[in-house]
Structure formats: structure tokens, C-alpha cells
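Q: attaching a predicted model along with its sequence, questions to come.
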2 protein chains.
Amino acid sequence: MLIQRLTIIGVGLIGGSLARALKQENVCGEIVGCGRNTVNLQHAIDLGVIDRYDTHPANAASGADMVIVAVPLGTMSQIFAAIRETLVPHAIITDVGSAKATVVADARQHLGQFFPHFVPAHPIAGTEKSGVAASFAQLFENHRVVLTPLSETDSRAVALVTTMWEKAGALVSQMSVEHHDKMLAATSHLPHLLAYSLVNTLAKMGDRAEIFSLAGGGFRDFTRIASSDPHMWRDICLANKDAILKALKHFNNDLAEVAFALSKGDSQQIESIFTSAKTARDKFCG
Amino acid sequence: MLIQRLTIIGVGLIGGSLARALKQENVCGEIVGCGRNTVNLQHAIDLGVIDRYDTHPANAASGADMVIVAVPLGTMSQIFAAIRETLVPHAIITDVGSAKATVVADARQHLGQFFPHFVPAHPIAGTEKSGVAASFAQLFENHRVVLTPLSETDSRAVALVTTMWEKAGALVSQMSVEHHDKMLAATSHLPHLLAYSLVNTLAKMGDRAEIFSLAGGGFRDFTRIASSDPHMWRDICLANKDAILKALKHFNNDLAEVAFALSKGDSQQIESIFTSAKTARDKFCG
């Protein structure tokens, strides 16, 4: 058994899907869930996602060989502080946060002597849905999981977290916290900001029912991420705001160039901008 | 038979899908295709999409009861000019352009006495793919088709175009040219501009392969429309540039507000912006 007792704090889409995948692969002896909502936790038991639950993080983490903290970024520090006292000496702690700098800072501050056992991780997978009901075992299959270990991070802890994600079907790699946060600001956080913002712009334009009824499939795809959990995304944007604002600045400059070409009716420039975008996307996003 | 001879100029995703749907419903006696690429036209015959083809618009339109012009917006005027001489007196002409003001102006200028027989139409359907190979009969099912007839447009022509689209499964409605162009600038043209622009911003950030490999499903959906045909979208953006630039201004103002809230770390404001967007999208795009 790779992990005798696994505790997942936050049994939502990510935590629930990981639990399902690990159960399917027979990786854990027991999976303990933790959260504030007992209805949700009972539902997770009924779905066979977890074996039992405890609403107190300290109790849930007690005796666990691995603790996965899968809560919104703004809640990380209080979880770390709560579990520190009950962790067994060999316990490994990891997270699934979409921005890494604040989680690492929180862990450094609140995990004390356990900090070298903390492996910062980010599975790049998800849907616009949330909650354990939306979870499924294949969510991470062939998706990337980025680990951002620090110099003091225990290499055996990194190895175990790597193996766990590989058992869930993921492709695990490592990079620095700063590089991760810069890249994800551009590929994920900024797009969410743009999608949320555009939907609001449209909603203000007049008859909402009419406006959205005139939106085709392209718009639906484009704004799908604006249906993501606002609380979770508020935390992500605040946690990574400097990198996001920097990416936004680049985006605004490029967009202003497109707008200028359009205002001049510069047909050649517009087509060249669109063509290079299509070429890049077709090549890399297939 | 609703339409004895139908000519489709531009046998791509839209023209090809409409031909397939009408054949399936047994609506036309004969479907004549027209385009510049004989390989594509022969492929359309092989696929059973059209019955025969002619690469000369004037020849293809000769004797047709209805002519559907499904070419990029920048090519509309030359097609109208080319077919005018060979149209039979009762011929009805319609189009599928994503912006209506320039098409109407082109038709008014080049269709002469046939202008009252011209029904401006826009099927709000499509995918990021193009070409007859990507066409399918169900493309328009339960999708909206907006007609923007003018005061001089023949009501029997409007009725026939309406019936034709209804046979293809579409939900047909009418609005003014100006209203259509304003709405579609916001729901379709601006999102395409943003998606093309964002992909370029990312492509400039460094190692492209690495950046795009860190993009999840959300990014893939968000930028799907950036894989749309650059030539077609260049024409659409130029044709509707005033409305698009106006929508972009609204978007930029709203986005600046989000960025300001983020820079201040205004957690409440950020969550409220995200929540109202999610609420609107969930309600209307479900």
C-alpha cells in the first residue's frame, strides 16, 4: 500500500476526483475526508469517494501518512495551523492550489517543523463545475501536475507525491514557484479574469435574455470558465495578483495594437495577427 | 418542392451544412455549388452535399430560384455584381454574413432591381473549423437565424428564406441591421478579437511549447475561437469595426475596474464581480 492513511481536506471536484482515482488504483488503505459541510461529506461517503470523515482538520489529519489540502487558497493558512499539532512525525503534506507563492508562505509560517514535508503541487485539471458530485476518477488522466518543491523540501516527500499523482494518471513535472505563478497567471488566471469581466460587460448592455440568446457556441466556450466558483477564483486572483496584473498589462498592450489596426482598417495587419494566433493555437492546443 | 433550384456560392462549413440539412429534408430539386476551388467542389459532390457545380458565380446563379451567398464578407460585393445579370426575375438572394450593415450596402449597390429580393440573414451557428469536410446537417438545429430585412424587402422573399431555415431546424427571428450588428459585436466579434489577441500575448511570453502545455481545459475552451478562419474573421471585424470598437471600449472600462479592485486587494469587490458574472452565465448559457 503506497499510502496507509490519506486525509483529504476539502472534498470537492479536485479532492474528490483524486480520491476516486486513488481508490480505483488501490493506492490507499483508508481515505479520510474533512470539510465544514457534513451533507457534502456524507454524500462523498455515499458515492464511495471517502471512507469516513471528520469536520475538524486536526482530528482528520491525526495519524495520516499523507494530508492533501484541497481548499481555496485563502483558507490554506488556517488549515496548516490547525493540523500542525496532530500530524505524525513522518506525515507528508501537499496541496492543490492554483498559485504557489502564497501557499508556500502560508506553509512556511504555519507548518513549523513539518515545512520540509510539505510538497507544493498544482494539478492543471478541472472543469467549471465544483463539488464532489462533479468529481470523477479520470479527471487527471494525461493532465499535468506541477510540483514546486523548495530547496528544503524532503526529496522522499517529493517522490511519494509524484508517485501518487502518477497513479492517478497525471504527468508530473517540477518548476520554481515563481515560474509556475508567472506561467499560470497567463494561461489560466488572466483568461478567467477576462471571461468574468466580459460576461459582466454583456450583462450590462440591455436585455440580458436577448443578448445571451444571440450568443453562439463560440461564446459559450469562451465564457465557460466564467461559471467557475467565484470564491475559489477570488482567492486565486488575490494570491497571484502581481503576476496577473503584469500579464494583464502585456495583454492590454497587445489588444490596443489590434484595436489600432482595426480602427485604421488595416486589413493586412489584422489578418496577420489572427493568422499567427491560429497557427500557435492549432499547433499547441490541437 | 420548396425550392426548385438552389445555388450556394461558397460551399464551406455553413453553405455545406445548410445544403446537407435541406437535402435531408427534401426541400430542393437541385443544389448547385459555386466556388473557386474545384477540388473542394468535387469533394462536396462526392460527399453528396451538392448535385453539381460551376466555378463562375454568374453561371451558377443562372436559373436558380434561390441563391445563398456564403462567402467571406469582403467578397460579397463582387459576387452580387457577378450574379445580377443572370438571375431569373423571381430569384431570391440571401446571405449568411456575421455582420449585416456592409452586406446590405453591398447588395443595395450591386444587386440593382433585385435588391428587394435580397434577404439579409445570419445563422448564429458554426464551429472553429471550416470547409465542406467539417459540415454536417445538424449544425443549425435549434440555433438562431437572424433576418434583418429592410423596409423595401419583399415579404414573400422573407417568408421563403424563413421557411428554408426552419426546414434546416433553425429558430428564425428578425431585428434591425443596426441592432444585430451591435449585439453580435459584443457576443461574437469582440470575443474572437480577445481570444486571438490573448493567444498572441502568450505566444510571445517565451517557450511556446512549455506555455501552452501548462494551459488546462479552460484555456483550450477559452481560445477555441482563435482557431477560426483568420481571413473570414478579418472581414467580419473590418465590416463591423465601429460596433466592435465601441463594445471593446465598454469591455476595457469594465476590465480596468476589475484590475483596480485586484490591485487594491479588494476581496469583496472581486468576489462580487465574479459572482454576478457566474450568475448571468449560468442563467443564460446554462
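A: Yep, it's here. Numbers count the residues shown, from 1 in each chain, chains lettered A, B, ... in the order given.
Q: list the contacts of A:I14.
A: Residues in contact with A:I14 (Cβ atoms under 8 Å, 6 or more residues apart in numbering or on different chains) are A:70, A:96, A:123, A:125-126, A:135, A:139. Bear in mind the C-beta positions are built from the backbone N, C-alpha and C, glycine included.
Q: what's the closest of the residues you listed to B:D181?
A: Nearest to B:D181 out of the contacts of A:I14 is A:G126 (Cβ to Cβ; 36.1 Å).
Q: ok, now which ones touch the closest one?
A: With Cβ under 8 Å, 6+ apart, A:G126 has these contacts: A:13-14, A:139, A:228, B:216-218.
Q: what strand or helix carries A:H122?
A: Using DSSP states H and E, A:H122 maps to strand A:121-123.
Q: and the helix or strand that comes right after that strand, C-alpha only, in CSV?
A: Using DSSP H and E, the next helix or strand after strand A:121-123 towards the C-terminus is strand A:144-147. Output in CSV follows, covering the C-alpha atoms of strand A:144-147 (Å, rounded to 0.1, in the frame of the first residue of the first chain):
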residue,chain,number,x,y,z
ARG,A,144,0.0,17.9,-15.9
VAL,A,145,0.7,18.2,-12.2
VAL,A,146,3.3,20.7,-11.4
LEU,A,147,5.3,20.4,-8.2
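Q: strands paired with strand A:144-147, and their directions?
A: Strand pairing for strand A:144-147, determined by DSSP bridges: strand A:121-123 (antiparallel), strand A:171-174 (parallel).
Q: so among the contacts of A:I14, where is pLDDT lowest?
A: The lowest pLDDT within the contacts of A:I14 belongs to A:G126, which sits at 84.
Q: who's in contact with the closest residue to A:H43 other than its chain neighbours?
A: What sits nearest to A:H43 in space, not counting adjacent residues and going by Cβ to Cβ, 6 or more residues apart in numbering or on different chains, is A:V132, at 6.1 Å. Taking Cβ under 8 Å, 6+ apart, we find A:V132 in contact with A:11-13, A:15-16, A:40, A:43-44, A:47, A:49.
Q: show me where chain A has strands.
A: Assigned by DSSP state E, chain A shows strands spanning A:3-9, A:28-34, A:52-53, A:66-69, A:92-95, A:118-119, A:121-123, A:144-147, A:171-174.
Q: count of neighbours near the nearest residue to A:E152 once chain neighbours are set aside?
A: The shortest distance from A:E152 to any non-neighbouring residue, by Cβ to Cβ, 6+ apart, is to A:P116 (5.0 Å). Neighbourhood size, A:P116 [other Cβ atoms under 10 Å in any protein chain shown]: 15.
Q: residues contacting A:P116?
A: A:P116 neighbours (Cβ under 8 Å, 6+ apart): A:152-154, A:157.
Q: tell me the most packed of those residues, by neighbour count.
A: Of the contacts of A:P116, with other Cβ under 10 Å as the count, A:A157 tops at 21 neighbours.
Q: correct me, but that one touches A:I92?
A: Yes - contact criterion Cβ atoms under 8 Å: A:A157 and A:I92 qualify, at 4.6 Å.
Q: so what sits against both of these two?
A: Residues touching both A:A157 and A:I92 (Cβ under 8 Å, 6+ apart) are A:117-119.
Q: as TSV, those with neighbour count would be great.
A: Below are the shared contacts of A:A157 and A:I92 laid out as TSV (neighbours: other Cβ atoms under 10 Å in any protein chain shown):
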residue	neighbour count
A:H117	22
A:F118	29
A:V119	26
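Q: closest to chain B out of these?
A: A:V119 (18.5 Å; Cβ to the nearest Cβ).
Q: so that closest one is in contact with A:G97, correct?
A: No - look at A:V119 against A:G97 with Cβ under 8 Å: they stay out of range, at 11.9 Å.
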